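>>> Provide a 3D model corresponding to the input given below.
(chains A and B)
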Amino acid sequence: MGHFLPSNHSSKANTLTMSAVQETAFQEKIDAELKIEAKDWMPDKYRLHLIRQISQHAHSEVIGMQPEGNWITRAPSLRSKMVLIAKVQDEAGHGLYLYSATETLGITRSELIEQLQMGKAKYSSIFNYPTLTWADMGAIGWLVDGAAIVNQQSLRRTSYGPYSRAMIRICKEESFHQRQGYEIMSKMSNGTTEQQEMAQDALNRWWWPSLMMFGPADSESAHTSNAMKWKIKRGTNDDLRQLFIDRTVKQAELIGLEIPDPDLKWNPKTKHYDFGEIDWEEFWEVVNGNGFCNKERINNHIKARSEGQWVREAALAYSEKKQNGV
Amino acid sequence: MSKELLFKYVLTLGDDALILGQRLSQWVYKGPFLEEDIALSNISLDMFGRANLFLEYAASLKGSTTTADDLAFKRNEREFSNHILCEQPNGNFANTMARQFFLDAFYKLFFEKLAESEDEQLSAIAQKSIKETTYHFRHSSKWVIRLGDGTAESHEKMQSAIDNLWMFTDELFEMNEVDNNMLTQKIGVDCLTIKAKWDQIIDEVLSEATLKRPENIHMTSGGREGIHTEHLGHLLSDMQYLQRAYPDAEW
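Predicted structure coming up:
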């Protein structure tokens, strides 16, 4: 790595620490679009940023099983039941890959779960909204997974190798989820009057929270600048949000549903949709724990984990006995 | 008459898979760890897949416009003919594993015989189910062993689950008029002949798990005739809610 040092060693150069040299090499690698792997040197802040972001993503998959799990036993046909179970099962699988990707950064799954349960780690706030009707299964698949895909597609190019590979795998499954959701919405908006009302009501309730999924406006986002420099994030919150809106408006029109935003309008100059003001007060309320279901989601997670404690202990005790030849 | 009996026979097979699948799907995110959430969902999915095949076949025997969904979502408690064991609540993880273990051991043997059925559809579904059931049995029997031979707490919970569900196991081997007719026609399985093997499998696993086989337990049955425990009605009212509330809607 000597070639990163200035050729004539001035006194200033002598104080150049090893970590600064490593950091330069690290940034060069990132700028060259090379992936950072688990054993490579990385700045502590990069590592911490990744732990925070990937674990938040893992927790979102896991907590996201609850609002949809709420309708599995009531799914109205054998087919829709199987599709929904498969979807929730995929989410558990995504949670697993992402916990594994986070573990490559030197933290264990149980530590991550503890952070979640203590409220130190966040998950996507969207899952703090209640699922009230079957149409919500459609809205979640179509909008929530639709928004997640926009974000995840961009993250396939993230600079951290294990995260990027997890995203590539997850994106393949997410597009099936989005189709599943859109199919429910489409069936309902072409169904009975009651079904149409449920579909529109679900869109009304889920639209704005879906836009909030991309996070605060770029001007307000605390984490964006380093994350962009390190290529952890590959698109800004505002750009990704706009991409999602442009895609989704047309899909809503196709099935005769109305986006609940009177300011939504095609702008021929920018070739994008202009849209109304997002209620950031609501966003921060939910992020800070005051959403409709925050407490319930975490309590359910704690309950399931504590009820499974004896099972995990038994499995461990049994495997130790077998290893010791008992 | 014969078609009506075949319908009833197929319906029971569908109901067993449907009701057990519904129970397993209640675990969703509540398993002891993520890998187990995935395993339970997998087994539940296999059950719904199997239920769908049997109920589609039953619907075709019924004729007219009846669909598998009609049979699943528009019949009442008394019209369900599943074995009572399938509808028993999940309880704790040991209860769910005991229920699954008894049924997996039974269905493993049952489908091996049903695969020889002269009814092509039943034979085909049975062949498909053998593979799944082999995996399900491996999963549930290993948990019975792990929990039985794990900690003192897990041993006690596993033993109590085995004891509490044992009363529903005899029903699996009862032969009613439908079964006897199907057996005569070489369509159905003689459950009496698989009982000895089932006993042997159960004994082997319980012994490895350091668990006791229950003795002198009064046996209960009635599911095949639509006499169920009170749990079934609640399971159905949850499962059938949308279809019942919006009878004109298509989903």
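>>> which bits of the stretch 1-150 of chain A sit near chain B?
When proximity is defined as C-beta under 8 Å from any C-beta of the partner chain, the stretch 1-150 of chain A approaches chain B at A:62, A:65-66, A:69, A:72-82, A:85-86, A:88-89, A:92-93, A:95-96, A:99, A:134. All C-beta spots, glycine's among them, are computed from the backbone N, C-alpha and C.
>>> can you do 6 Å?
A:65-66, A:69, A:72-74, A:76-78, A:80-82, A:85, A:89, A:92, A:95-96, A:134 (C-beta under 6 Å from any C-beta of the partner chain).
>>> ok, of those, which come out buried?
Among the residues of the stretch 1-150 of chain A next to chain B, the ones that count as buried by 16 or more other C-beta atoms under 10 Å in any protein chain shown are A:65-66, A:69, A:72-74, A:76-78, A:80-82, A:85, A:89, A:92, A:95-96, A:134.
>>> can you list contacts of the one helix or strand residue A:137 maps to?
Using DSSP states H and E, residue A:137 maps to helix A:135-139. Applying C-beta atoms under 6 Å, 6 or more residues apart in numbering or on different chains, the contact partners of helix A:135-139 are A:71, A:181, A:184-185, A:188, A:198-199, A:202, A:206.
>>> Strands of the stretch 151-300 of chain A, start to end?
For the stretch 151-300 of chain A, strands defined by DSSP state E, counting those that start in this stretch occupy the ranges A:265-267, A:272-274.
>>> any idea which of those is most buried?
By mean neighbour count, with neighbours taken as mean count of other C-beta atoms under 10 Å in any protein chain shown, strand A:272-274 ranks first of the strands of the stretch 151-300 of chain A at a mean of 15.
>>> one step back: dump the strands of the stretch 151-300 of chain A into TSV; add mean pLDDT and distance to chain B as well.
Shown next, in TSV, are those (pLDDT from 0 to 100; distance: least, C-beta to the nearest C-beta, whole Å):
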stretch	mean pLDDT	distance to chain B
strand A:265-267	97	33
strand A:272-274	98	31
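>>> JSON lines for those, including distance to residue B:27?
Listed next are the strands of the stretch 151-300 of chain A as JSON lines, based on distance: least, C-beta to C-beta, whole Å:
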{"stretch": "strand A:265-267", "distance to residue B:27": "46"}
{"stretch": "strand A:272-274", "distance to residue B:27": "42"}
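>>> Now do the contacts for residue B:14.
B:51, B:54-55, B:58.
>>> Which pair in the residues you listed has the greatest spatial separation?
With C-beta to C-beta as the measure, no two of the contacts of residue B:14 lie farther apart than B:51 and B:58, at 10.1 Å.
>>> what about the two, which has more around it?
Between residue B:51 and residue B:58, counted using other C-beta atoms under 10 Å in any protein chain shown, the more crowded position is residue B:51 (27 against 22).
>>> Just the pLDDT for residue A:305.
At residue A:305, the predicted lDDT confidence score is 96.
>>> So is the helix or strand harbouring it next to chain B?
Assigned by DSSP H and E, residue A:305 belongs to helix A:294-307. Yes: judged by C-beta under 6 Å from any C-beta, helix A:294-307 and chain B are in contact via residue A:304.
>>> Would you mind identifying the next helix or strand past that helix?
Next along from helix A:294-307, by DSSP H and E: helix A:309-323.
>>> tell me which parts of the stretch 101-250 of chain B are close to chain A?
B:146-147, B:149-151, B:153-154, B:238, B:241-243, B:248-249.
>>> Mark which of the residues you listed are buried, thanks.
B:146-147, B:149-151, B:154, B:241-243, B:249.
>>> Now secondary structure and pLDDT too, for those, in JSON lines please.
Formatted as JSON lines, those follow (DSSP: H, G, I helix; E, B strand; the rest coil; pLDDT from 0 to 100):
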{"residue": "B:146", "secondary structure": "helix", "pLDDT": "98"}
{"residue": "B:147", "secondary structure": "helix", "pLDDT": "98"}
{"residue": "B:149", "secondary structure": "coil", "pLDDT": "98"}
{"residue": "B:150", "secondary structure": "coil", "pLDDT": "98"}
{"residue": "B:151", "secondary structure": "coil", "pLDDT": "98"}
{"residue": "B:154", "secondary structure": "helix", "pLDDT": "98"}
{"residue": "B:241", "secondary structure": "helix", "pLDDT": "97"}
{"residue": "B:242", "secondary structure": "helix", "pLDDT": "97"}
{"residue": "B:243", "secondary structure": "helix", "pLDDT": "97"}
{"residue": "B:249", "secondary structure": "coil", "pLDDT": "95"}
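>>> Would you check which pair of those lies furthest apart?
Maximum distance among those (C-beta to C-beta): 50.5 Å, for B:149 and B:249.
>>> What separation do you get for residue B:60 and residue B:249?
To residue B:249, residue B:60 is 24 Å away according to C-beta to C-beta, to the nearest Å.
>>> try residue B:126
35 Å.
>>> which stretches of the stretch 151-300 of chain A aren't confidently modelled?
A:222-224 (pLDDT under 70).
>>> go on, chain B?
Short version for chain B, where the test is pLDDT under 70: B:1.
>>> Would you state the helices of it in chain order?
Applying DSSP state H to chain B gives helices spanning B:2-25, B:34-62, B:68-73, B:84-87, B:93-114, B:120-148, B:152-165, B:177-184, B:191-208, B:231-239, B:241-245.
>>> Then the stretch 101-250 of chain A?
According to DSSP state H, counting those that start in this stretch, the stretch 101-250 of chain A carries its helices in the segments A:109-117, A:135-139, A:145-155, A:161-189, A:193-212, A:224-229, A:237-254.
>>> Since that was my last question, I'll sign off now.
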